[in-house]
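Q: Quick check, what structure comes out for this input:
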Amino acid sequence: EAYFTHTPGLVVVMPSNPYDTKGLLLSAIESDDPVIFFEPKRIYRGPFYGDPHNVPTWANHDLAEVPEEHYNVPLGKARTIREGEEITIISWGTMVHVCEKAIEESGMDAHLLDLRTLVPIDLEAIEASVNRTGRCVIVHEAPRTSGFGGEVLSLVQERCFWHLEGPIQRVTGWDTPFPHSLEWEYMPSVERIITAMQRTTGD
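A: Next up is the predicted model:
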């Protein structure tokens, strides 16, 4: 996604669930700007929680119900997946669900933001959450170097510095060509996300 977020004038979208996918796609079609619309294939069948051998279907998920009628999900607005006061986790696409699992297993009171639209980014939602929690972890599937997470990190540092109580952490894919035979070792895992959460909280 970093290739496209670096191009001025492009809107970049990456949904994490069926409901947002339809609403964002309709907003993209109606937009006067060119839109790059990413669809993570890994979550076509269901939310991916980090275990490749146990991927549930969308059948019982809150955001699986897609109305037949027309509706819009606004571009540039993040979704709060989970309210929390201890730490802010920012993610998008497939990794949103892995973050959900990490929060559940960690027992921390984390606020989870699904960006949904990378450009334009919802600075208001990010600032409000990080200023409240004082801690931030950014999670994405792409490689770390020059990844979009670095841009998010710099925005948090610039705008929320005086509210930060711990170092900002990033959990990303590795800086290697994508290894299909080692796909699950490449992707950010629940364990790596929990470790980052513990580092920024000092646990």
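Q: In which helix or strand does Glu105 reside?
A: Here Glu105, judged by DSSP states H and E, is contained in helix 95-106.
Q: Could you list every helix and strand that that helix packs against?
A: Judged by 3 or more Cβ pairs under 8 Å, 6 or more residues apart in numbering; DSSP states H and E, the packing partners of helix 95-106 are strand 79-82, strand 87-91, strand 110-114, strand 136-143, helix 190-201. All C-beta spots, glycine's among them, are computed from the backbone N, C-alpha and C.
Q: what comes into contact with that helix?
A: Counting contacts by Cβ atoms under 8 Å, 6 or more residues apart in numbering, the residues outside helix 95-106 that touch it are 16-17, 43, 47-50, 81-82, 84, 89, 91, 110, 112, 114, 139-141, 187-190, 193-194, 197-198.
Q: Give me the angle between that helix and strand 87-91.
A: In terms of direction (axes from the mean of the first three to the mean of the last three Cα atoms, to 10 degrees), helix 95-106 departs from strand 87-91 by 150 degrees.
Q: angle of helix 95-106 against strand 110-114?
A: Inter-element angle recorded for helix 95-106 and strand 110-114: 170 degrees (by the same axes, to 10 degrees).
Q: follow-up on the earlier one: possible to save the helices and strands packed on helix 95-106 as CSV with distance to Glu104?
A: Converted to CSV, the helices and strands packed on helix 95-106 look like this (distance: least, Cβ to Cβ, whole Å):
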stretch, distance to Glu104
strand 79-82, 9
strand 87-91, 12
strand 110-114, 10
strand 136-143, 15
helix 190-201, 9
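Q: is it possible to export the ones you listed to CSV including mean neighbour count?
A: Converted to CSV, the helices and strands packed on helix 95-106 look like this (neighbours: other Cβ atoms under 10 Å):
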stretch, mean neighbour count
strand 79-82, 18
strand 87-91, 29
strand 110-114, 25
strand 136-143, 24
helix 190-201, 19
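Q: Out of those, which gets nearest to Pro56?
A: helix 190-201 (15.1 Å; Cβ to Cβ).
Q: what's next to that closest one, contact-wise?
A: Counting contacts by Cβ under 8 Å, 6+ apart, the residues outside helix 190-201 that touch it are 49-50, 86-87, 89, 98-99, 101-102, 105-106, 108, 110, 135-137, 139, 166-171, 203.
Q: Just the buried residues from those residues, in PyMOL please.
A: Of those, the buried ones go into a single PyMOL selection, burial set by 16 or more other Cβ atoms under 10 Å:
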select buried, resi 49+50+86+87+89+98+99+101+102+106+108+110+135+136+137+139+166+168+169+170+171
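Q: hang on, Thr94 packs against Glu141?
A: Yes: the criterion here is Cβ atoms under 8 Å, and Thr94 meets it with Glu141 at 5.9 Å.
Q: Name the residues contacting each of these two.
A: Residues touching both Thr94 and Glu141 (Cβ under 8 Å, 6+ apart) are Pro40.
Q: Quick check: bridge partners of the closest residue to Gly84 other than its chain neighbours?
A: Counting by Cβ to Cβ, 6 or more residues apart in numbering, the nearest residue to Gly84 once its immediate chain neighbours are dropped is His111, at 3.8 Å. In this structure, His111 has the following beta-bridge partners (DSSP bridges): Thr88.
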